[in-house]
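Here's my sequence, what's the structure:
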Amino acid sequence: MSNTELWDKLGKTDPAHTKQFTRAGGFKGTAIKPMWSYRRMTEEFGPCGKGWGIDQPSFQVVPDPGTGDILVYCTVSVWHGNVSQKVYGVGGDKVAGKNRNGPVSDDEAFKKAFTDGVTNALKMIGVGADVHMGMFDDNKYVNTMAEEFQEKKSSAALKRDDAWTKALTDIEADMVDVKSVVGLEELQRAYRSKAAKDGWTEAWKTALADVFIGYRNQMHEDNLWAELTAITSLRGLKSFWDDHQADVRVLGPAVLKKFTAKKDEMKMIFDANASTLNAL
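Predicted coordinates:
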């Protein structure tokens, strides 16, 4: 991986997710919509809180001695890939001040400062780098980006969806020959290698892992069900339930309900058979 690989992936911005702004004094510029930045991080690393995340912010309220305004600054760190890879950002806004109509306050100032801090942190790893580097001042570049992202929406996105559907179909076909957890792990390793070779994003790799977790859980459920239904005595049923109730519970409420119903049914049968034998 080159030093700029991540920057190059995240550095292009869809003009549809930017807006123009004008500040006091006539300064004009382009701002990236925060949700676009969050989406790019999710596409590359996976869901927020799993592949990337935001640590607890720190706020500082400061009076401006020159104007008498009350300012708020927010310092926040963002991690990506794993929690040890962090970048920091600082954002700020005005909490209270005065205009020609008198005193004014902004009850969203803390939220704005937080958002500003997060987006400033994200630009350290390249998110929206083209905007921050002033490239959106060039209309020709903006038009090129608009065409590129429109093409991605209309064709590349469809190809990507087809590729994912094909991958799921291939995995389902390969699972026919998988009879053990060892075989499942070997198949998962093969698809991990394919994902790395084909350049899948972290979000796709996370989704692939979730698919195999589903197959693993189903295999575990099938094995437990086979063991349960093969029991021939009340003692064996009790032993199974004592040993595996927690395992069944982990598989979810629907599976627990299914196993509990079967266990109760078998218990009734065993109790009835015992009563019949005692009556003889």
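
Give the other helices and strands that the helix or strand containing Ser275 contacts.
Assessed by DSSP states H and E, Ser275 sits inside helix 253-279. In this structure, helix 253-279 packs against helix 202-229, helix 234-250, with contacts taken as 3 or more CB pairs under 8 Å, 6 or more residues apart in numbering; DSSP states H and E. (Glycine included, C-beta is placed from N, CA and C.)

Let's have those helices in TSV, adding mean neighbour count.
Listed next are those as TSV, based on neighbours: other CB atoms under 10 Å:
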stretch	mean neighbour count
helix 202-229	15
helix 234-250	14
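
any idea which of those scores lowest on pLDDT?
Ranked by mean pLDDT, these bottom out at helix 202-229, with a mean of 89.

contacting residues for the residue lying closest to Phe270 once chain neighbours are set aside?
Closest residue to Phe270 apart from its sequence neighbours, by CB to CB, 6 or more residues apart in numbering: Leu234 at 4.1 Å. Contact analysis of Leu234 by CB atoms under 8 Å, 6 or more residues apart in numbering lists Lys267, Phe270, Asp271, Ala274.

Apply the buried test to the residues you listed and list what passes.
Applying 16 or more other CB atoms under 10 Å to these, the neighbour count classes Phe270 as buried.

Looking at the contacts of Leu234, which is nearest Lys238?
When the contacts of Leu234 are ranked by distance to Lys238 (CB to CB), Lys267 comes first, at 8.7 Å.

wait, that closest one sits on Arg235?
No - using CB atoms under 8 Å, Lys267 makes no contact with Arg235, being 11.4 Å away.

circling back to that earlier point, buried sites along the helix holding Ser275?
For helix 253-279, the neighbour count (16+ other CB under 10 Å) marks Val255, Phe259, Lys263, Met266, Phe270 as buried.

Now do the nearest residue to the fourth one once chain neighbours are set aside against Phe212, distance only.
Right, the one you point to is Met266. Closest residue to Met266 apart from its sequence neighbours, by CB to CB, 6+ apart: Leu237 at 5.7 Å. Separation of Leu237 from Phe212 (CB to CB, to the nearest Å): 32 Å.

Quick one: find the helix or strand in the chain with the lowest mean pLDDT.
One helix or strand of the chain scores below all others by mean pLDDT, DSSP states H and E: helix 157-174, with a mean of 75.
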